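Participant: Here is the input, now give the coordinates:
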Amino acid sequence: MTGIILTGVDRSETALRAAEKAASLAQALHTELHVISAFSVDLTRTVRANMNEHNPSATVSAVKRATEVREQEAQETAEAVVAQLAKKFGDVAFVARAAEGSPSSVLVREAQEHSAEVIVVGNKRVQGASRILGSIARSVAADAPCDVYIAHTHER
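Facilitator: A predicted model of the protein is given here:
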């Protein structure tokens, strides 16, 4: 099989477990693994905190800086996960990337743009109202243009 497997990561242990499952699949299937960390900027909060009526370009610069900071943090998260995975799955080709948007929309968009074969997501236990409104795994499964593997990420 040739192609791409995608997984989304943040700094959680459950995301790392899902990424390990994705790396295991990539290794077994001889595919490339794209490790994506989604980020977003709260524009309302950023604009309000930095609004300058006398210098609107200062507000625009503040939004740009906030976006750059969040993107850099997300890129560093993806790279840190790839560094951990590479120790165990050294023969897998990895791509670490940050992408703007919600985690589920980023994974679906990336899968479409890169013609991914599989998206691997964790099954973080969702409680309360979130269970009804949907989780990342549920959203990805509903909208993905490819197969979705939901990895068991809870401690046993």
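Participant: who's in contact with Val118?
Facilitator: Residues in contact with Val118, defined by CB atoms under 8 Å, 6 or more residues apart in numbering, are 3, 5-6, 25, 146-149. Placement of C-beta: from N, CA and C, glycine included.
Participant: secondary structure element for Glu20?
Facilitator: Glu20 belongs to helix 13-29 when assigned by DSSP states H and E.
Participant: next SSE after that helix?
Facilitator: Helix 13-29 is succeeded, C-terminally, by strand 32-39 (DSSP H and E).
Participant: how about the helices in the protein?
Facilitator: Applying DSSP state H to the chain gives helices spanning 13-29, 43-50, 56-88, 103-113, 129-133, 136-143.
Participant: Tell me who's in contact with the residue lying closest to Thr7 once chain neighbours are set aside.
Facilitator: Distances taken as CB to CB, 6 or more residues apart in numbering put Ala22 closest to Thr7, at 3.8 Å, once the chain neighbours are dropped. Applying CB under 8 Å, 6+ apart to Ala22 gives the contacts 5-7, 33, 35, 120, 149, 151.
Participant: any idea which of those residues is closest to Val60?
Facilitator: Nearest to Val60 among the contacts of Ala22 is Val35, at 31.2 Å by CB to CB.
Participant: What's the separation between that closest one and Cys146?
Facilitator: Val35 is 16 Å from Cys146, where distance means CB to CB, to the nearest Å.
Participant: Looking at those two, which is more packed in?
Facilitator: Applying other CB atoms under 10 Å to Val35 and Cys146 shows that Val35 carries more neighbours, namely 24 against 17.
Participant: how about the nearest residue to Ala141, chain neighbours excluded?
Facilitator: Using CB to CB, 6+ apart, the closest residue to Ala141 is Val148 (4.7 Å).
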